[in-house]
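Participant: Got a sequence here, can you build the structure:
(4 chains)
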2 protein chains.
Amino acid sequence: MGKSDTTSVNRREEIISAAIQVFAEIGYYRATTAQVAQQANISQPYIFRFFSKKEALLLAALEVSWARVIDSFHKVIEFASSEQLETDLIRAYDEILNANQNEILLQMQAQTIQEDSIREAMRKGFGEVRSIVLKAFLDAGIPNAEERTMLFLARGMLCNISTVLGMPELMGK
Amino acid sequence: MGKSDTTSVNRREEIISAAIQVFAEIGYYRATTAQVAQQANISQPYIFRFFSKKEALLLAALEVSWARVIDSFHKVIEFASSEQLETDLIRAYDEILNANQNEILLQMQAQTIQEDSIREAMRKGFGEVRSIVLKAFLDAGIPNAEERTMLFLARGMLCNISTVLGMPELMGK
DNA sequence: TTAGTTAGTGATTCATCAATCAATTTTATT
DNA sequence: AATAAAATTGATTGATGAATCACTAACTAA
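Facilitator: Residues are numbered from 1 along each chain as shown, chains lettered A, B, ... in the order given. The predicted structure is shown next:
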């Protein structure tokens, strides 16, 4: 409500949001820059004023989606008690998954893309999340922190699949 | 060695094998039927004598890849002792992942494809694997079989990612 | 008001690709 | 050898899409 819809300060971020939605729903390779442009209410060529290539737009979208997870985890870790740490992290991730399915769906797509720049972005994202969680588990004095971290990530990945495929039975409850 | 390379009985299966490799490495949507044909040493139009659409070829490839997992698990369950059941299933999946990375990579791609027919195939595959494992755990008298099944699948999914991204640290060991 | 800068688009280009179809080569049959 | 059937391909088509470029409209400052 602050910003009007016709006058927009942040075209770049609007384009990224549009791309997340379109790439997730249609698939990165199948989605066209024209579809992204339509979603963002701009012309197709204008995308290339902000992003040199379609792939650069994907990288920007992935950065946004990893930042959301990382920021959320940082906030949880800052305030959660040692006893509720894991529970709160799980809840936080669950909320992201419900509120921003498209970002997670896009990450899942990117897991399988063999372009070097994409793989690097995904390794960075996963690696950072892992080390944040591991450090928090260690600081909280949780025993077997490495294995607990691994299981936390594993459940998260299965949760992604369960959500995306609409198979709640995969997660038990 | 039995079959020569010029005279081949099973064109259909050769095409599927080629498709698994090409789709996995290049990405289903980006890969072209000409690339699949080249890999299979046939002409591009000939693919359409066996598969009505590119998507039909993907479905056939997914069926092969799920059958490999399911058959392997069935064999393990038939012979494994209750104590070694889970360990043996893990080892079996690990072998598949090492020997047939492309098939798993293709499954991972398919997890994110929003076409109805693909989603249905993926739900069927996951659902079948889950119920096979769950039944085996129950028959083996493993306590908390539902949760143990969930964790088994979860570790499997993280293992996929760890392998595909080349991040062994994600799995701990 | 005009000159300069920023925001944005229409039209086009070059490339690519799934799918079709008519033609040809290869294999089996008599 | 002649013929029929099966296997396989060349050539083409109609669509589509990323990226470029030259153009226009809208703002800003002097």
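Participant: Give me the phi and psi angles of A:A140.
Facilitator: A:A140 adopts backbone torsions of phi -80, psi 0, taken as degrees, to the nearest 10.
Participant: List the residues that contact the closest residue to it other than its chain neighbours.
Facilitator: What sits nearest to A:A140 in space, not counting adjacent residues and going by Cβ to Cβ, 6 or more residues apart in numbering or on different chains, is A:S82, at 3.9 Å. C-beta here means a position set from N, CA and C on the backbone, and glycine is covered the same way. Shown in contact with A:S82 (Cβ atoms under 8 Å, 6 or more residues apart in numbering or on different chains): A:A140, A:G141, A:I142.
Participant: Weed out the non-buried ones from these.
Facilitator: Under a neighbour-count criterion of 16 or more other Cβ atoms under 10 Å in any protein chain shown, the subset of the contacts of A:S82 counted as buried comprises A:A140, A:I142.
Participant: If we only consider the contacts of A:S82, which is nearest to chain B?
Facilitator: For the contacts of A:S82, the minimum distance to chain B (Cβ to the nearest Cβ) is 14.4 Å, reached by A:I142.
Participant: hang on, isn't the closest one packed against A:L85?
Facilitator: Yes. Counting by Cβ atoms under 8 Å, A:I142 touches A:L85, with 7.4 Å between them.
Participant: Show me the residue at the heart of chain A, geometrically.
Facilitator: A:S65 (3.0 Å; Cα atoms, centre = their mean).
Participant: hang on, the earlier thing: the contacts of A:S82 into a markdown table, with extra columns for pLDDT and distance to DNA strand C?
Facilitator: Output for the contacts of A:S82, formatted as a markdown table (pLDDT from 0 to 100; distance: Cβ to the nearest atom of the strand, whole Å):
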| residue | pLDDT | distance to DNA strand C |
| --- | --- | --- |
| A:A140 | 98 | 47 |
| A:G141 | 97 | 51 |
| A:I142 | 98 | 49 |
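Participant: can you give me the helices for chain A?
Facilitator: Using DSSP state H, the helices of chain A run over A:11-26, A:33-40, A:47-50, A:54-79, A:85-99, A:101-111, A:116-139, A:145-164.
Participant: Flag every buried residue along the longest one.
Facilitator: By that I understand helix A:54-79. For helix A:54-79, the buried set under the neighbour-count rule, 16+ other Cβ under 10 Å, comprises A:54, A:57-62, A:64-66, A:69, A:72-73, A:76-77.
Participant: In stretch A:78-87, which residues are buried?
Facilitator: Result for stretch A:78-87 [16+ other Cβ under 10 Å]: buried residues A:A80, A:L85, A:E86.
Participant: residues contacting A:T112?
Facilitator: Contacts for A:T112 (Cβ under 8 Å, 6+ apart) come out as B:G27, B:L105, B:M108, B:Q109, B:T112, B:V164.
Participant: Isn't the third one up against B:V164?
Facilitator: This points to B:M108. Yes. B:M108 lies in contact with B:V164 (Cβ under 8 Å); the separation is 6.6 Å.
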